[in-house]
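1. sequence first, predicted coordinates after that:
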Amino acid sequence: MCQNLFNDWRVVVAFLGLWTVLCCAVFLHIMFLDGSAFLAIGPNAHTRLFNVPLDTWPKWWCVAVYTFVSTCIAAFASDSVAPFIVNTMQDHKTRYIPYTKTTCLVIIQVWTTYAVIMGTISLFVALTQIDFLIIRLVADLVVNFITTTYFLSDKVYDVAMYRQWERDQGAVRTQAYEDELSEVMVQETDCGASAKSGTTLLRPANAPNSDI
């Protein structure tokens, strides 16, 4: 039962949705009772970003536009660059790469620098007040909808074929493991035979039989 629950992503996502709603309801209730400035919308003298008060509309719009554009870029990059790094450059099963090794190193270094700096700024922005968090959520949902639609464009809904594909993948992984294990055993056998052969060749011709 636990395995079926783990592999049924509809149930897992439904649980995540309920948990998200519950957490939001609880913390919003606490913030309402406390009069938290995080629930403010628009310019607010109590809202500060890097110790700068966002108390005018130009400041607020600057942060709002940055939040939307930056989130769109981050969502698009995470669906494009990140899978390439993980599935192509860092996957030991992928032998060939479409760029030079120097170019791949530059891609990873630029991606890491971008992720650290933009992630830090975005975290501070999202924690200022709730309207920036909502803007970030909307931007994420829009870009993820577009990229996921692109990924699903060539997919075909067929449960039976999907189950067969899972079984085939399991058989391929098992066969690959058995082939690798057999190769290792053959290499060990060859090394052992070579060592014995070498010992025989190096044995002096007049050595007594007890030395064998």
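-> On my side now, so go ahead. Numbers count the residues shown, from 1 in each chain.
2. show me where the chain has strands.
-> Assigned by DSSP state E, the strands in the chain fall at 48-49, 52-53.
3. tell me which of the ones you listed sits most buried.
-> Comparing the strands of the chain on average neighbours per residue, with mean count of other Cβ atoms under 10 Å, the densest one is strand 48-49 at a mean of 16. The way it works is simple: take the backbone N, C-alpha and C, and place the C-beta from them, glycine included.
4. which residue ranges of the chain form helices?
-> Shown for the chain, the helices assigned by DSSP state H span residues 2-7, 9-34, 57-84, 101-126, 130-152, 159-202.
5. closest to residue 41 out of those?
-> When these are compared for distance to residue 41 using Cβ to Cβ, the nearest one is helix 130-152, at 4.6 Å.
6. that older thread, would a markdown table of the helices of the chain with distance to residue 94 be doable?
-> Formatted as a markdown table, the helices of the chain follow (distance: least, Cβ to Cβ, whole Å):
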| stretch | distance to residue 94 |
| --- | --- |
| helix 2-7 | 26 |
| helix 9-34 | 26 |
| helix 57-84 | 10 |
| helix 101-126 | 11 |
| helix 130-152 | 19 |
| helix 159-202 | 14 |
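7. of all the ones you listed, which lies closest to residue 48?
-> Taking Cβ to Cβ, helix 101-126 is the member of the helices of the chain nearest to residue 48, at 9.7 Å.
8. least trustworthy helix or strand in the chain by mean pLDDT?
-> helix 159-202 (a mean of 65; mean pLDDT, DSSP states H and E).
9. pLDDT wise, what is residue 79 at?
-> Confidence per residue is given as pLDDT, and for residue 79 that number is 87.
10. what's the closest non-adjacent residue to it?
-> residue 147 (4.2 Å; Cβ to Cβ, 6 or more residues apart in numbering).
11. so that neighbour makes contact with residue 75?
-> Yes. Counting by Cβ atoms under 8 Å, residue 147 does reach residue 75; the two are 7.4 Å apart.
12. neighbour-wise, which of the two wins?
-> Here residue 147 and residue 75 are set side by side on neighbour count (other Cβ atoms under 10 Å), and the busier one is residue 75, at 20 against 15.
13. which non-adjacent residue is nearest that one?
-> Excluding the flanking residues, the one nearest residue 75 by Cβ to Cβ, 6+ apart is residue 143, at 3.7 Å.
14. measure the one you found to residue 71 for me?
-> In this view, residue 143 and residue 71 are 8 Å apart by Cβ to Cβ, to the nearest Å.
15. kindly report the same for residue 157.
-> Per Cβ to Cβ, residue 157 is found 30 Å from residue 71.
16. which of the two has more neighbours?
-> Set side by side, residue 157 and residue 71 give different neighbour counts by other Cβ under 10 Å, the larger being at residue 71 (24 against 7).
17. now that one: how far from residue 95?
-> Relative to residue 95, residue 71 is positioned 35 Å away (Cβ to Cβ).
18. check residue 29 too.
-> Counting by Cβ to Cβ, the separation of residue 29 from residue 95 is 55 Å.
19. more neighbours: which of these two?
-> Between residue 29 and residue 95, residue 29 has the larger neighbour count (other Cβ under 10 Å), namely 10 against 6.
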